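A.B. asks: Model the following, please.
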Amino acid sequence: MSLPRPQDFLLNTVSGTRIVVRYRVNTGFTDALGYLLSVTDGACTIRTRRSDVEIPLALVVAAKEVPPPPARRGPRTTPQ
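C.D. replies: Here you go, the predicted structure:
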């Protein structure tokens, strides 16, 4: 059984899906975790916590859907 190429996964994923993408950079690899904004034949755009990241599909080595982030914790209270 062969797995689909990460580029095919991205091209077939609905915009707004939370994903993680591993891609090549000069020093090795890095990941982008966020929400898929758009995909074209040449690149995908992911909205991370810091900014929108445009990644050329030729540099993508892995991609998958991830679950929603955990709920934020409430404020700490000090025992009395």
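A.B. asks: Okay, and the beta partners of the most centrally placed residue in the chain?
C.D. replies: Nearest to the mean C-alpha position of the chain, by CA atoms, centre = their mean, lies V20 at 2.9 Å. Legend: beta-bridge partners of V20 under DSSP bridges are L33, K64.
A.B. asks: which residues touch it?
C.D. replies: Contact analysis of V20 by CB atoms under 8 Å, 6 or more residues apart in numbering lists D31, A32, L33, A63, K64, V66. Backbone N, C-alpha and C define where each C-beta goes, glycine included.
A.B. asks: ok, so what distance separates it from L10?
C.D. replies: The gap separating V20 from L10 is 11 Å, by CB to CB, to the nearest Å.
A.B. asks: swap in V53?
C.D. replies: Counting by CB to CB - V53 and L10 are separated by 13 Å.
A.B. asks: neighbour-wise, which of those two wins?
C.D. replies: L10 (22 against 18; other CB atoms under 10 Å).
A.B. asks: what are the phi and psi angles of the more buried one?
C.D. replies: Here is the backbone geometry of L10 (degrees, to the nearest 10): phi -60, psi -40.
A.B. asks: Just confirm it contacts V21, I think it does.
C.D. replies: Yes: with contact defined as CB atoms under 8 Å, L10 reaches V21; the gap is 7.3 Å.
A.B. asks: any residues in contact with both of the two?
C.D. replies: Common neighbours of L10 and V21 (CB under 8 Å, 6+ apart) are C44, V60, A63.
A.B. asks: Let me have those residues in a markdown table, extended by neighbour count and distance to P4.
C.D. replies: Shown next, in a markdown table, are the shared contacts of L10 and V21 (neighbours: other CB atoms under 10 Å; distance: CB to CB, whole Å):
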| residue | neighbour count | distance to P4 |
| --- | --- | --- |
| C44 | 26 | 15 |
| V60 | 20 | 12 |
| A63 | 25 | 10 |
